[in-house]
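[1] What would the 3D arrangement of this be:
(2 chains)
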2 protein chains.
Amino acid sequence: MKKINGGVTAAAGFEAASCAAQIKYKGRTDMALVFSKAPCTVGGTFTTNVVKAAPVLWDRELVQSGRPAHAVIVNSGIANACTGQEGFGYCRETAEAAAAALDIPADSVLVGSTGVIGMQVPIERIKKGVQMLAEARQATLEAGTDAAKAIMTTDTHKKEIAFTEEIGGVLVTVGGMCKGSGMIHPNMCTMLGYVTTDIAISHEMLQKAVSDVVRDSFNMISVDGDTSTNDTFLVLANGLAGNPVISEEGGDYEKFHAVLKKVCTFLAMEMAGDGEGATKLIESRVLHADTDENARILAKAVITSSLTKAAVYGNDANWGRVLCALGYSGASFDPEKVDLYFAGGDKKILIFTNGSAADYSEEEATEILKGEKVEIISDMHMGEASAVAWGCDLTHEYVSINADYRS
Amino acid sequence: MKKINGGVTAAAGFEAASCAAQIKYKGRTDMALVFSKAPCTVGGTFTTNVVKAAPVLWDRELVQSGRPAHAVIVNSGIANACTGQEGFGYCRETAEAAAAALDIPADSVLVGSTGVIGMQVPIERIKKGVQMLAEARQATLEAGTDAAKAIMTTDTHKKEIAFTEEIGGVLVTVGGMCKGSGMIHPNMCTMLGYVTTDIAISHEMLQKAVSDVVRDSFNMISVDGDTSTNDTFLVLANGLAGNPVISEEGGDYEKFHAVLKKVCTFLAMEMAGDGEGATKLIESRVLHADTDENARILAKAVITSSLTKAAVYGNDANWGRVLCALGYSGASFDPEKVDLYFAGGDKKILIFTNGSAADYSEEEATEILKGEKVEIISDMHMGEASAVAWGCDLTHEYVSINADYRS
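    Okay, here's the model as predicted:
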């Protein structure tokens, strides 16, 4: 597996474009297109929120049908959530405009929206944007990078990555982009993520890989505990790499799974570290839990605790808050058996053992907390399961951003 | 039912005291005593956190045993949580010191601690404090008020209330105090709450009333989603009012239940409104849910949402965040059927109906959000169940307090 430059246009046959359609933001791009002339198999996962945005309902139908897709049209600024039948109608109009401009079927167009909830999208501007995107589309890496920028909301930087791997005797590429900074919480995140690949794979096996990988990557991050109405993660596979089609488990599937996991884990960590107002990435590792499910629950509880997040922001080794979070997570364990470590860079110190504080240096702990990435390791001493979750600190800037989002 | 002055010393036969034992804070009181010469029936509820502080384990044993209690000794500054066997030993030493000073059995002494997790209490200072408390105890209302002040941590004001009611032909008094500002979340809160009453009631019926009332009061508030290791709520009933002992359901039980609920609801709302850094109380009312349990889940989701809390802080009627929170709560419903209102003072406006935004005035919504108490009303149109939850806004000050708690 080799990391290469680029994102959604890294794989063969994919083009991208971005434009400033003036949906809500001024002076920046706010629409993006990902396009493949060759039909793509699609796998996807969506928010578990009962309140689902219109684009989630539109995309879910396409993904579940197993029909091939050719394009994704995304806008930032307005989420098209809580917009009723009118909002869903705009998804259809967007897809129809893209179908006409790109000469593809309307039911092969995926749509995505992110931004403020409750407003209707300005559909005439969206349609004009679709026209601009269709004309501007290119297969260059720059076009992919520009698309990654256009879908940002409160993100401070674009998020993209790509890897190649030899699968089935040919070189396969998997590249992706995502956005997400606030309203980020497992299951899934306001988070839009798009991965393109030239691998040949069946719909069933692609969906299996997507569901599996999302559980350990995007569903293991949290910025604020708020599960969005719009979370969407899609993988488009156009088969142009020419490998024998993957239609069952085996070596080729495992290799693809590993590359996809690498891409998704990178993108997930990027989102957690770029959480609204964040100054640090927090990595919570749970070791030796009794079950995989409990390992995930425990790991997530730590990065979701407001008090732990605020303590990390203040470089305060207030480890009692970590124990407290593990304790209310819902997973059961014996507090007397837990070993707690703080780590960062090449340092790792034991903080809590045998039911009370270890003999650690407060100065060393503070040093670790001052790093850009703070690792909190909880060894439960119960079994063989482990999990990792990623979050960020809770800062004054988080409050500023969210007390004044709509204006 | 009549509101009267006072708190834990309002009922007949109860004395209180406070002192500066220098547990951790300087220049303020940090220990409190509540005492009844007459033996008290005790009902109580405790944190559901797997990591339970030593005083929780100590008190729970006493409450479950059904033995009478005579005294409660509380310290602020250090929580005596995550302190292992050593910490539990200090509970016993505290109780033994109180037993000697007050001439009561050691196994009739309840203890409580609140403050930083992970430090051991300075037991010699605690013992000296117990001596001071025993000597200073008084039945005055001022002594009760001073006790309510001594148990505060990051609270900005003391919290106490008392009511009288005629039950079984005599005047019964129920008064209480609590503390709680951070690490506050249902089940239960870092929250210590103590209610005293002179009613005569059996252990079973008292415990039944306590469990029932806590569910709709203390367990319906949240400041930060962190369920503490120390939450303790105790009701001590010494029987001195002389009513016929309540040992079954009926009119007298119902009257007592109503007074207790009034006391607990007041104290719970006081804690939510005095949440760390809070500038406003948020009241989330859910109407016409399908079940009581879902009504509670939905009501709590709204006051727990960081994004909703930050929007209320910024006077931003970003109602999409409320819908989003209802949607990820875990309760299922039809978003198209929900009516959402914002209310405050004598104003109430419809914000969301028929699946999308209602035609409301943004200025009016902002006015409502500027109030000291903001009501968010979600009418689910599903059934007959309802619930109310209380929380507060998320502010810069919350982050400041918690990024720098231990120093």
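
[2] contacting residues for the residue of the stretch 51-200 of chain A found nearest chain B?
    With CB to the nearest CB, the shortest gap between the stretch 51-200 of chain A and chain B falls at residue A:117, namely 2.4 Å. Bear in mind the C-beta positions are built from the backbone N, C-alpha and C, glycine included. The contact partners of residue A:117, by CB atoms under 8 Å, 6 or more residues apart in numbering or on different chains, come to A:53, A:79, A:81-82, A:229, B:318-321, B:323-324.

[3] Ignoring the adjacent residues along the chain, who's closest to it?
    residue B:320 (2.4 Å; CB to CB, 6 or more residues apart in numbering or on different chains).

[4] Would you map out the domains in chain A?
    For chain A, the structural domains run A:2-273, A:281-403, going by automatic domain parsing.

[5] so of these, which one's packed in deepest?
    Mean neighbour count (mean count of other CB atoms under 10 Å in any protein chain shown) peaks for domain A:2-273 among the domains of chain A, with a mean of 22.

[6] For it, measure first residue to last.
    Taking CA to CA, to the nearest Å as the measure, domain A:2-273 stretches 23 Å from start to finish.

[7] Tell me which helix or strand comes right after the one helix or strand residue A:45 maps to, heading toward the C-terminus.
    Here residue A:45, judged by DSSP states H and E, is contained in strand A:31-46. Moving toward the C-terminus from strand A:31-46, the next helix or strand (DSSP H and E) is helix A:54-65.

[8] That following helix vs strand A:31-46, what angle?
    60 degrees (axes from the mean of the first three to the mean of the last three CA atoms, to 10 degrees).

[9] Which residue in chain A shows the largest distance from the geometric centre?
    Using CA atoms, centre = their mean, the residue of chain A lying farthest from its centre is residue A:359. It sits 38.6 Å away.

[10] still on that earlier bit, is it possible to get the domains of chain A out as CSV so that each row also shows mean pLDDT?
    Below are the domains of chain A laid out as CSV (pLDDT from 0 to 100):
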stretch, mean pLDDT
domain A:2-273, 92
domain A:281-403, 93
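
[11] for residue A:372, what are its contacts?
    A:280-281.

[12] same thing with residue A:85?
    Applying CB under 8 Å, 6+ apart to residue A:85 gives the contacts residue B:355.

[13] likewise residue A:104?
    Counting by CB under 8 Å, 6+ apart, residue A:104 has contacts A:70-71, A:98.

[14] what do you get if the cut-off is 10 Å, keeping everything else the same?
    A:35-37, A:39, A:68-71, A:95, A:98 (CB atoms under 10 Å, 6 or more residues apart in numbering or on different chains).

[15] Out of these, which two sit at the greatest distance?
    Distance extremes for the contacts of residue A:104: the farthest pair is A:37 and A:95 at 17.1 Å, using CB to CB.

[16] So what does residue A:218 look like in phi/psi?
    Backbone torsions of residue A:218, given as degrees, to the nearest 10, read phi -60, psi -30.

[17] For it, give its distance to chain B.
    From residue A:218 across to chain B, the span is 15 Å (CB to the nearest CB, to the nearest Å).

[18] so that residue sits right up against residue A:180, yeah?
    Yes: counting by CB atoms under 10 Å, residue A:180 is a contact partner of residue A:218 at 8.5 Å.

[19] I'd like the distance from stretch A:207-222 to the chain centre, please.
    Mean-position distance between stretch A:207-222 and its chain equals 9 Å (CA atoms, centre = their mean, to the nearest Å).

[20] so what strands line up beside the helix or strand hosting residue A:177?
    Element membership for residue A:177 (DSSP H and E) is strand A:170-179. Strand A:170-179 pairs in its sheet with strand A:159-167 (antiparallel), strand A:192-197 (antiparallel), by DSSP bridges.

[21] So which residues on the stretch 1-150 of chain A come close to chain B?
    Residues of the stretch 1-150 of chain A found near chain B (CB under 10 Å from any CB of the partner chain) are A:47-53, A:79, A:81-88, A:115-120.

[22] Keeping just the C-alphas, turn the strand holding residue A:177 into PDB.
    Extracted in PDB, the C-alpha atoms of strand A:170-179 (Å, rounded to 0.1, in the frame of the first residue of the first chain):
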ATOM      1  CA  VAL A 170      -3.300  -4.600 -11.200                       C
ATOM      2  CA  LEU A 171      -2.600  -1.300  -9.500                       C
ATOM      3  CA  VAL A 172      -5.800   0.000  -7.800                       C
ATOM      4  CA  THR A 173      -6.300   3.500  -6.500                       C
ATOM      5  CA  VAL A 174      -8.600   4.600  -3.600                       C
ATOM      6  CA  GLY A 175      -8.900   8.300  -2.900                       C
ATOM      7  CA  GLY A 176     -11.300  10.400  -0.900                       C
ATOM      8  CA  MET A 177     -12.300  13.600   0.600                       C
ATOM      9  CA  CYS A 178     -14.600  14.600   3.500                       C
ATOM     10  CA  LYS A 179     -15.700  17.600   5.500                       C
END
